[in-house]
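> sequence first, predicted model second:
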Amino acid sequence: MYIGHFAIAMALKARHPDVPALPIVFGAGFLDILDGLFIMLGWDRVTPNLLAGPYLFFDLRFIDWDHSLLAALFWSAIWGAFFLRDRRVAALAFAASFSHFLADWPVHNNDLALYPHAETHWGYGLWGKLGTASWVLEGVFSAALVAYAWVASARRGVGLLWPSIVLVVLFIALSPWLSPMKLAAGLNEPWAHLLQGLLTTLGFVVPGALLIALLEKAQSAAGMRPSQRNGDAALSGSAE
């Protein structure tokens with residue numbers, strides 16, 4: 001899953017508007033940020049497969065160091081520990097990070113281990129079972145979460161137009177037809193897995209940073225409106 005992780009972050013942020021966007025947004029992508037780094041280091045292993053849909057084009061042979069259940073709990077706790085100065089923020093950072101594992105379970109093809117090198121693996125396998133339709137289903141899932149975030153934020157005067165546009169662009173960019181992973185899968189090794197790892201990490205760091213900035217800007221703008229309205233009212237009163 002890709003766009004769905006950002007959509008979960010937007011919904012969590014809308015539900016908890018007083019919590020900064022950074023621990024939530026980067027938390028939702030933290031496991032894949034690590035995954036890309038671990039792939040480039042050779043700790044995780046992926047194999048190019050142009051038939052592996054809908055948009056990944058790689059077989060995830062071993063991703064246990066970040067996407068096994070035990071690893072997900074461990075890294076989510078580490079991420080939450082960065083924000084222990086505020087226990088509520090730390091708890092939401094942990095929840096955002098662990099949501100990544102939970103959201104991946106329906107789509108991953110039986111490559112989510114119980115713990116590193118465990119024989120037991122999970123993953124319902126919608127990628128393999130539905131192909132392109134799983135990408136559409138992820139879009140529907142994401143749209144529902146964005147709709148919730150939009151309505152919840154609008155009640156506080158916060159507009160989510162630009163964050164929503166970013167998610168639409170990302171959804172299209174990582175489609176079965178435009179996915180840059182297909183380009184990476186067509187390269188010779190070691191460039192194939194190195195580029196795949198780099199794209200995986202940057203795919204969450206760069207859009208994540210942009211989304212954080214847009215969410216915080218939208219909230220700050222909404223926070224200015226009451227004072228602006230009061231100022232306008234005062235000017236109107238003085239004019240009378």
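Ah, there it is.
> let me see the ranges of the strands in this protein.
Listed in chain order, the strands of the chain (DSSP state E) span 45-48, 58-62, 112-113, 121-122.
> out of these, which comes closest to Asp86?
Closest approach to Asp86 among the strands of the chain (C-beta to C-beta): strand 112-113, 30.6 Å. Where C-beta positions appear, they are placed from N, C-alpha and C, glycine not excepted.
> can I get the strands of the chain in TSV including mean neighbour count, mean pLDDT and distance to Ala91?
Formatted as TSV, the strands of the chain follow (neighbours: other C-beta atoms under 10 Å; pLDDT from 0 to 100; distance: least, C-beta to C-beta, whole Å):
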stretch	mean neighbour count	mean pLDDT	distance to Ala91
strand 45-48	18	97	32
strand 58-62	18	97	29
strand 112-113	22	97	23
strand 121-122	15	94	25
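> same list, those, but as a markdown table with distance to Ser153 please.
Shown next, in a markdown table, are those (distance: least, C-beta to C-beta, whole Å):
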| stretch | distance to Ser153 |
| --- | --- |
| strand 45-48 | 37 |
| strand 58-62 | 34 |
| strand 112-113 | 32 |
| strand 121-122 | 34 |
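> which one of the ones you listed lies closest to Leu174?
The closest of the strands of the chain to Leu174 is strand 58-62. By C-beta to C-beta, the value is 12.9 Å.
> now for that closest one, which elements pack on it?
strand 45-48, helix 180-185 (3 or more C-beta pairs under 8 Å, 6 or more residues apart in numbering; DSSP states H and E).
> for the shortest one, name the packing helices and strands.
Translated: strand 45-48. strand 58-62, helix 191-239.
> closest to Arg87 out of these?
It is, among those and with distance given as C-beta to C-beta, helix 191-239, at 21.3 Å.
> my guess is Asn32 meets His5, correct?
That one is not Asn; residue 32 is Asp. Yes - judged on C-beta atoms under 8 Å, Asp32 makes contact with His5 at a distance of 7.3 Å.
> hey, what's in contact with both of those two?
Common contacts of Asp32 and His5 (C-beta atoms under 8 Å, 6 or more residues apart in numbering): 100, 204.
> can you list the helices and strands packed on strand 58-62 in JSON lines and add distance to Gly203?
Formatted as JSON lines, these follow (distance: least, C-beta to C-beta, whole Å):
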{"stretch": "strand 45-48", "distance to Gly203": "14"}
{"stretch": "helix 180-185", "distance to Gly203": "8"}
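> give me the low-pLDDT residue ranges for the protein?
For the chain, the stretches flagged by pLDDT under 70 are 224-240.
> mind running it again at 80?
Confidence mapping of the chain against pLDDT under 80 gives the ranges 223-240.
> before we move on, back to that, ok, which of the strands of the chain comes nearest Ala81?
Nearest of those (C-beta to C-beta): strand 112-113, 23.2 Å.
> got a list of contacts for that closest one?
Taking C-beta under 8 Å, 6+ apart as the rule, strand 112-113 contacts 63-64, 67-69, 101, 104-105, 120-123.
> figure out how far that strand is from the centre of its chain.
Its chain's average C-alpha position is 19 Å from that of strand 112-113, according to C-alpha atoms, centre = their mean, to the nearest Å.
> picking that back up, and the helices and strands packed on strand 45-48, which is most packed in?
Highest mean neighbour count among those (mean count of other C-beta atoms under 10 Å): strand 58-62, with a mean of 18.
> nearest to Trp79, of the helices and strands packed on strand 45-48?
Nearest to Trp79, of all those, is helix 191-239, at 12.7 Å by C-beta to C-beta.
> circling back to that earlier point, which one of the helices and strands packed on strand 45-48 lies closest to Ala133?
strand 58-62 (19.6 Å).
> and Leu37, what does it touch?
Contacts for Leu37 (C-beta under 8 Å, 6+ apart) come out as 197, 201.
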